[in-house]
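Q: task: produce atomic coordinates for the following.
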Amino acid sequence: MRSLSRLLSPERIVWLSSCDRGEVLSELARLHTSFDTTIALEEVRRALVEREQLNSTGIGQGLALPHARIPKVQDFSVILGLHKGGIDFNSFDGEPVHLFLLIIGPTTANDRYIQILARASRFLRAKAADILAAATADEIYAMTLDF
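A: Numbers count the residues shown, from 1 in each chain. Below you'll find the model as predicted:
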């Protein structure tokens, strides 16, 4: 599998301004469609909301992995969103989420999808404090090179 650094870039690392769970999902969907114009914003947003309705993707410790699989998507897309204040994301531990790693992927490539989710989770858990302390997207991107 390609490293996380190949799926992410400094342009895909952003500070979020949303105030709640629904707004975060919409903001992440807008960011995704700014990079992938082949998929409609509403389709991405709907897929993310439907996935969240199954179970929150808030994995605890201030981390969330919102993700969705969309038939029209050809390849994987990753965006890292940071929120300094934290958002109530219905995480199982009840803690606010500060780091959101969005993964959008095709409905095929199941094994790769699971590998990316696992790698993203390991990255966030290992580097959360460093990511939140970083001042620039370039600093954060450099952290992905080992993942």
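Q: which ones are touching the residue nearest to Thr33 when sequence neighbours are not counted?
A: Nearest non-adjacent residue to Thr33, counting by CB to CB, 6 or more residues apart in numbering: Leu41, 4.7 Å away. Any C-beta I mention is one placed from the backbone N, CA and C, and that applies to glycine too. For Leu41, the contacting residues are Ala29, Arg30, Thr33, by CB atoms under 8 Å, 6 or more residues apart in numbering.
Q: list phi and psi for Leu41.
A: Backbone torsions for Leu41, taken as degrees, to the nearest 10, come to phi -50, psi -50.
Q: so what pLDDT did it get?
A: Leu41 is assigned 97 on the pLDDT scale.
Q: what does the one 5 residues further on give?
A: Reading off the confidence values, Arg46 has pLDDT 98.
Q: ok, now which ones touch the spatially closest residue to Ser18 that is not a sequence neighbour?
A: In space, Ser18 comes closest to Val24 once its chain neighbours are excluded; the distance is 4.4 Å by CB to CB, 6+ apart. For Val24, the contacting residues are Leu16, Ser18, Pro66, Gly81, His83, Ile87, Phe89, Phe100, by CB under 8 Å, 6+ apart.
Q: I am finished for the moment; much appreciated.
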